[in-house]
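Colleague: Below: sequence and its predicted model.
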Amino acid sequence: MNGVPIYKTIEERVELLRRLNAHYSFVFYLESNEYSDAFGKYEWLIFAGNEPGVQQSSSEVSWDVLSNWSETNAGTFRAGFITYEAGSGQIDKDSIGFPAMFFFEPEFIRGKKRNGTYISKGAEPNNLQKEDKSQAPLPDNNMSFDSIGKNAYLDRFEQIRAHLQRGNIYEVNFCQAFEGNRKQLDPFNTWMRLNQLSPAPFSCIVKHGDAWVLGASPERFLCKRQHDIVSQPIKGTTKRTGDPAEDFELGQKLESSEKERRENIMIVDLVRNDLSASLLPGSVHVQELCGVYPFAKVQHLISTICGKLPEGSQGVKTIQKAFPMGSMTGAPKQKAMEIAKEQETFSRGIYSGTIGFFDPDNDFDFSVVIRSIFWNQASGQIRFAAGSAITIGAEPSAEYDECMLKAESIIECLQDV
């Protein structure tokens, strides 16, 4: 790249992020961890800038603003996020500090396509900041997080079950938050530790002023490749032990589980319906149903739903019609969101939202924001959350245990850094 560093390792990329952090208000690092992916176009991307393109508060979210801005800036990279509340119609202020919707055109870009091509825009920052190990905060191995606790979780579960029994809903994603305070936190070291514990295809570091996402998401929300749209919802989880024979057996049990398959298929039907609202009639189809995919500590059932965009569409309407994603809501979607809101003790904010980008070809890729740490650098407030799909056949303690399994890597990470 004509003398520009190519940042072959994650460690080199994180050191670049440290330098960018001193210059820019907005920094995004999207890392695939070299996961094999039929739809992924980039191995990693780094974006930085100071000028917002679209920044909307909770009370004034307009998808037309995003659509018009994105169309005006077609032919460039545009990165951003959309919080859960931007699509739920249940507006609450995000205490971590994220606006409801944010996108920008980066001034600085580095990246690598899966075909080996490197991408570069903007001058290299030259203020390399060496980490002062003597000032680094010691790990807080006794750090605790406030949550609703198992008893309260089980009580709220029963209230949700009553809705299921009455037929008000068929499935709902019920989430619980874990909250604490860590004013002294190195976000880069924290993400590096999280990525060691739980490398994922949609790992990320996102800085928006004082608000940070340190993410390890395994789930794609939507991507666009020319006229093709792909969604890959996750529903169905089991642990991964590290023993190949035991993991194979657990994966087979997951794949054949009537309960887990039912949860996944309900969301597949919901996604098909959401996509059909904006894609070419008859084009929406299921490419893979309930495939078993292994990650560091869990195995998931993932389905792949595809469809075709109408000629001339840039895809923002498709994002809008499918948001919030079915895997984080339930069925019927609106009623499931209302019931989740009644029972959850926190505003989701960017959790259950989406992070991603549009590229110069007007393709895009957006993830589901799960398995992530949310931190406000000024206040020290820190949060993470975990949820599971609840259906009529769900067993309360098993659902609680699934949430704790999903939170395991984050809890371990925060006790290590």
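Modeller: The structure has been received and is ready for your questions.

Colleague: since we're on W69, how many residues are nearby?
Modeller: 17 (other C-beta atoms under 10 Å). Quick note: C-beta positions are derived from backbone N, CA and C, even for glycine.

Colleague: Work out the gap between whichever helix or strand it is part of and the centre of the chain.
Modeller: Taking DSSP states H and E as the definition, W69 sits inside helix 63-72. From the chain centre to the centre of helix 63-72 is a distance of 22 Å (C-alpha atoms, centre = their mean, to the nearest Å).

Colleague: List of residues touching it?
Modeller: G53, V54, Q56, R78, M101, F103, Q314, V316, K317, Q320, F358 (C-beta atoms under 8 Å, 6 or more residues apart in numbering).

Colleague: possible to save these as TSV with pLDDT?
Modeller: Formatted as TSV, those follow (pLDDT from 0 to 100):
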residue	pLDDT
G53	97
V54	96
Q56	91
R78	98
M101	95
F103	98
Q314	87
V316	96
K317	95
Q320	96
F358	98
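
Colleague: what about the strands in the stretch 51-200 of the chain?
Modeller: 54-56, 78-82, 101-104, 108-113, 118-121, 171-181 (DSSP state E, counting those that start in this stretch).

Colleague: for those strands, which one sits closest to F39?
Modeller: strand 108-113 (13.4 Å; C-beta to C-beta).

Colleague: Which strands or helices does that closest one pack on?
Modeller: On a contact count with 3 or more C-beta pairs under 8 Å, 6 or more residues apart in numbering; DSSP states H and E, strand 108-113 meets helix 10-21, strand 42-49, strand 118-121.

Colleague: 10 Å - rerun?
Modeller: For strand 108-113, the packing partners by 3 or more C-beta pairs under 10 Å, 6 or more residues apart in numbering; DSSP states H and E come out as helix 10-21, strand 26-31, strand 42-49, strand 118-121.

Colleague: tell me the angle of it relative to strand 78-82?
Modeller: Here the directions of strand 108-113 and strand 78-82 differ by 90 degrees (axes from the mean of the first three to the mean of the last three C-alpha atoms, to 10 degrees).

Colleague: mind listing what strand 108-113 pairs with, with the direction of each?
Modeller: Strand 108-113 sits in its sheet next to strand 42-49 (antiparallel), strand 118-121 (antiparallel), going by DSSP bridges.

Colleague: Out of those strands, which one sits most buried?
Modeller: strand 42-49 (a mean of 23; mean count of other C-beta atoms under 10 Å).

Colleague: Please enumerate the strands of the stretch 301-417 of the chain.
Modeller: 330-331, 354-358, 364-368, 372-376, 381-390.

Colleague: In the protein, where is pLDDT below threshold?
Modeller: 1-3, 58-59, 88-93, 127-144 (pLDDT under 70).

Colleague: ok, back up a step: export the strands paired with strand 108-113 as a markdown table, with columns for distance to I305.
Modeller: Listed next are these as a markdown table, based on distance: least, C-beta to C-beta, whole Å:
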| stretch | distance to I305 |
| --- | --- |
| strand 42-49 | 22 |
| strand 118-121 | 29 |
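
Colleague: returning to that earlier point: now for the strands of the stretch 51-200 of the chain, which one comes closest to H23?
Modeller: Of the strands of the stretch 51-200 of the chain, the one closest to H23 (C-beta to C-beta) turns out to be strand 108-113, at 8.1 Å.

Colleague: and that closest one, how far out from the chain's middle?
Modeller: Worked out by C-alpha atoms, centre = their mean, strand 108-113 lies 20 Å from the chain centre.

Colleague: Ok, stretch 8-25 next?
Modeller: 21 Å.

Colleague: ditto for stretch 73-84
Modeller: 15 Å.

Colleague: buried set for that stretch?
Modeller: By neighbour count on 16 or more other C-beta atoms under 10 Å, the buried set for stretch 73-84 is N73, T76, F77, R78, A79, G80, F81, I82, T83, Y84.

Colleague: by contact count, what packs against the helix or strand hosting H300?
Modeller: For H300, the host element (DSSP H and E) is strand 298-308. Applying 3+ C-beta pairs under 10 Å, 6+ apart, we find strand 298-308 packed against strand 220-225, strand 228-232, strand 234-239, helix 244-256, helix 258-276, strand 285-294, helix 396-416.

Colleague: Pairing partners for the third one, with directions?
Modeller: Counting by DSSP bridges, the strands paired with strand 234-239 are strand 298-308 (antiparallel).

Colleague: The strand it pairs with vs helix 258-276, what angle?
Modeller: Using the same axes, to 10 degrees, strand 298-308 lies at 30 degrees relative to helix 258-276.

Colleague: Of all the strands of the stretch 51-200 of the chain, which one comes closest to A398?
Modeller: Comparing the strands of the stretch 51-200 of the chain under C-beta to C-beta, the one sitting nearest is strand 171-181, at 13.1 Å.

Colleague: Please point out which parts of that closest one sit buried.
Modeller: E171, V172, N173, F174, C175, Q176, A177, F178, E179, G180.
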